[in-house]
Every structure is written in structure tokens, then in C-alpha cells.
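In: I'll drop the sequence and a predicted model, then ask my questions.
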Amino acid sequence: MDYWLISNSLADNVGTIDIIPSIKTDHSAILIEFQGVDAKAKGPGLWKLNCSLLSDKTYVGKINSLIPKWAQEGENDLEDPRSVWDWLKYNIKKYSRKYSMNKCKEQKAEEDMLNKEFQEAYFIFENNPSQENQATLNVLRERIEKLYEEKVEGIIVRCRAHWHEHGEKNSKYFFNLEKRNHIK
């Protein structure tokens, strides 16, 4: 049951394949890495502030300390108040993007570490199904599930923003997912 079917045209581009343990299912996860597939180049797009940063106390504190500095720099170097305002927005955007990228890298590293620890604990438990190994596996499973629940919340927020911007209606799947998350 744990397999993927791919077209013959993609078969030549398969680099590595691995079967790894998965959470919340009785099936294993399959990892397929492709090589030689050119990624589409993305343009700069329209930047939007990740509003979840506003609940990050470190980010808010740093922005609050930097805005007066940037305002002073703008007032010293620029004459037009509109240019000062644009200078402030530029610096907020620049700092926010950098902070978001660093935070994302940290979260990705944490996710990779947790998945690696979970896989190791899973194989240890399979070879030695003791209570202690089961407890370790359960703790790691809970940490991974919490991490993924936070990701799902972010996905839902991004979908809502997309729906709002493009006038779309949400799907039955996300409606039921939201309803389930609010019930918990």
C-alpha cells in the first residue's frame, strides 16, 4: 500500500527514494527527491506583512526600538515627509522579510531535527518495543503533531487572505477543518 506511481517521463529524474515512518496514519511516508528538474523562476511579487509576526514579542520589541531610529534617519536625510514615510516603510519591510526568513529557517531546522529524532525513535522501538521506547516515541509524536497543527493554522490564514483578495469562496474541506479546530 505504501507506494507512489509516477509517469515514465519523470522516472529518469528520480534521485533518491526512502520510506520513513509517519504520524497519524498506519502507512509510512514516501520521500522522493527529483534531480534535473528546473524550477520556475519566481518574480518579486507583492510583499505583504506576515501578521503572525505581530504576536511575536521579540519582533515587536525590535521594531518598536528601530522605528524611532529610522524616522530620525529619514528626517535628517530627507526633506519631504512622504519620503520619510516611504523610508520607514522600506526599512520595516526589509527588517520584516529578514526576520521572517530567519524564523522560517529556524522552524525548518527544528522540524527536520524532530523528524530525524522521530525516525530514530521509531526504528529503536521496532527493534526493542519497551515501555521506555514507547514513551519516547509518544513524546516526539506529540511535539511533531503540535508543530504541524501550527503549520495548518498558518495555511488556513493564507487561504483566507487568498480568498479575500480574489473573491473566492472557501472549500468544504477547509470549512470542515476550521470547524474541527474551533471545536477542540
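Out: On my side now, so go ahead. On a predicted model such as this, the values are computed, not experimentally measured, just so you know. Residues are numbered from 1 along each chain as shown.
In: can I see the domain layout of this protein?
Out: Domain assignment for the chain by automatic domain parsing gives 1-35, 47-178.
In: on the pLDDT front, check residue 19 for me.
Out: Listed pLDDT for residue 19 reads 80.
In: okay, and it sits in which element?
Out: Under the criterion of DSSP states H and E, residue 19 resides in strand 14-20.
In: what stretches of the chain score poorly on pLDDT?
Out: 1-3, 23-25, 37-45, 154, 157-158, 161-184 (pLDDT under 70).
In: what's the helix or strand for the residue nearest to the spatial centre of the chain?
Out: For the chain, residue 151 is the residue whose C-alpha lies nearest the centre (C-alpha atoms, centre = their mean; 5.8 Å). Assessed by DSSP H and E, residue 151 sits inside helix 131-166.
In: chain center to that helix: distance?
Out: How far helix 131-166 lies from its chain's middle: 10 Å, per C-alpha atoms, centre = their mean, to the nearest Å.
In: first-to-last residue distance for stretch 46-57?
Out: Here the two ends of stretch 46-57 are set 25 Å apart, with distance taken as C-alpha to C-alpha, to the nearest Å.
In: now do the buried residues in it.
Out: residue 50 (16 or more other C-beta atoms under 10 Å). In short, each C-beta sits where N, CA and C put it, glycine included.
In: picking up where we left off before, contact partners of the helix or strand that comes right after the strand holding residue 19?
Out: Downstream of strand 14-20, the next assigned helix or strand under DSSP H and E is strand 29-34. With contact meaning C-beta atoms under 8 Å, 6 or more residues apart in numbering, strand 29-34 is reached by 2-4, 6, 10, 13-22.
In: against which helices or strands is the next helix or strand after strand 29-34 packed?
Out: Later in the chain than strand 29-34, the nearest helix or strand by DSSP H and E is helix 57-77. If contacts are counted by 3 or more C-beta pairs under 8 Å, 6 or more residues apart in numbering; DSSP states H and E, helix 57-77 sits against helix 81-127.
In: who are the packing partners of the helix it packs on?
Out: Counting contacts by 3+ C-beta pairs under 8 Å, 6+ apart, helix 81-127 is packed against helix 57-77, helix 131-166.
In: rewinding a little: how about the helix holding residue 151: buried residues?
Out: For helix 131-166, a neighbour-count test (16+ other C-beta under 10 Å) marks 133, 136-137, 140-141, 144, 159 as buried.
In: mean neighbour count, the domains of the chain: which tops it?
Out: Of those, the one with the most neighbours on average (mean count of other C-beta atoms under 10 Å) is domain 47-178, at a mean of 13.
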